[in-house]
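1. Return a 3D structure for these sequence lines:
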Amino acid sequence: MVVGSLARRYAKALLEIGVRQQTFDALGKELERTAELFSKSPDLKNTLENPVFPLDKRRLILEEIARRLGLSKIVRNFVMLLLDKGRINALGDIARAHRALVDEHAGRIRASVTTARPLDPTLEARLKTALEKQSGKVVILEKREDPAIVGGLVTQLGDIVYDGSVRTQLQQLREELLAE
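-> Numbering: from 1, shown residues only. This next block holds a predicted model:
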């Protein structure tokens, strides 16, 4: 089975529970926190994925993690199910798929904007407004800094990339000059 379709199936099941209980956003945040912990701790990830360790020991470890993270019963049971089914290795993919489904359900879209220096708050607000007008959805801006773009900005909204960076403009100019 393809990992993406597996992740989407599990994510959709959790979303449906969250929608019924009107807690889909909260469940998503809990799931993301758990996935982030796994990605930052290779030892934990390897321990929970390794069948050499008895399942009951791995369950105890995961139970303690759920307690320390303050996970709701739903998310705790969900990650336990993943462990029991041997799918805990897909937690990161499931969390990403769930976030996308939650955003879609809530009428949101994520946009990433990369600038050479920190984005001016006024420009950020104008950019967010323009992207919301274009997409017809509430935009969540994820900001990044990359001095290599020299200036300008690169914005990705869904599958569309708007590259207004000085680096790209210089590359295009160089290509035009070399072509002549």
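2. Now do the helix or strand where residue 139 lies: everything it contacts.
-> Using DSSP states H and E, residue 139 maps to strand 138-145. The contact list for strand 138-145 (CB atoms under 8 Å, 6 or more residues apart in numbering) reads 103, 106-119, 124, 127-128, 131-132, 157. For the C-beta atoms, the positions are set from N, CA and C on the backbone; glycine is no exception.
3. How about stretch 122-130?
-> Residues outside stretch 122-130 that contact it (CB under 8 Å, 6+ apart): 111, 113, 119, 139, 141, 143, 153, 155.
4. surely the last one meets residue 131?
-> Yes: taking contact to mean CB atoms under 8 Å, the distance of 7.3 Å between residue 155 and residue 131 places them in contact.
5. Okay, and which of the contacts of strand 138-145 map to helices?
-> 103, 106, 124, 127-128, 131-132 (DSSP state H).
6. elements contacting the helix of greatest length in the chain?
-> For the chain, the helix that runs over the most residues, judged by DSSP H, is helix 3-21. With contacts taken as 3 or more CB pairs under 8 Å, 6 or more residues apart in numbering; DSSP states H and E, helix 3-21 sits against helix 24-40, helix 73-84, helix 91-106.
7. Return the most buried member of those helices.
-> Sort the helices and strands packed on helix 3-21 by mean neighbour count, taking mean count of other CB atoms under 10 Å, and helix 91-106 sits at the top with a mean of 20.
8. Show me the contact partners of that helix.
-> With contact meaning CB under 8 Å, 6+ apart, helix 91-106 is reached by 3-4, 6-8, 10-12, 14-15, 18-19, 24-25, 27-28, 31-32, 34-35, 38-39, 79, 82, 87, 109-110, 138, 140.
9. Can you tell me how far residue 99 is from residue 121?
-> 25 Å (CB to CB, to the nearest Å).
10. which residues touch residue 17?
-> Going by CB under 8 Å, 6+ apart, residue 17 touches 27, 74.
11. mean confidence for stretch 108-127?
-> Averaged over stretch 108-127, pLDDT sits at 94.
12. Quick check: end-to-end length of that stretch?
-> 15 Å (CA to CA, to the nearest Å).
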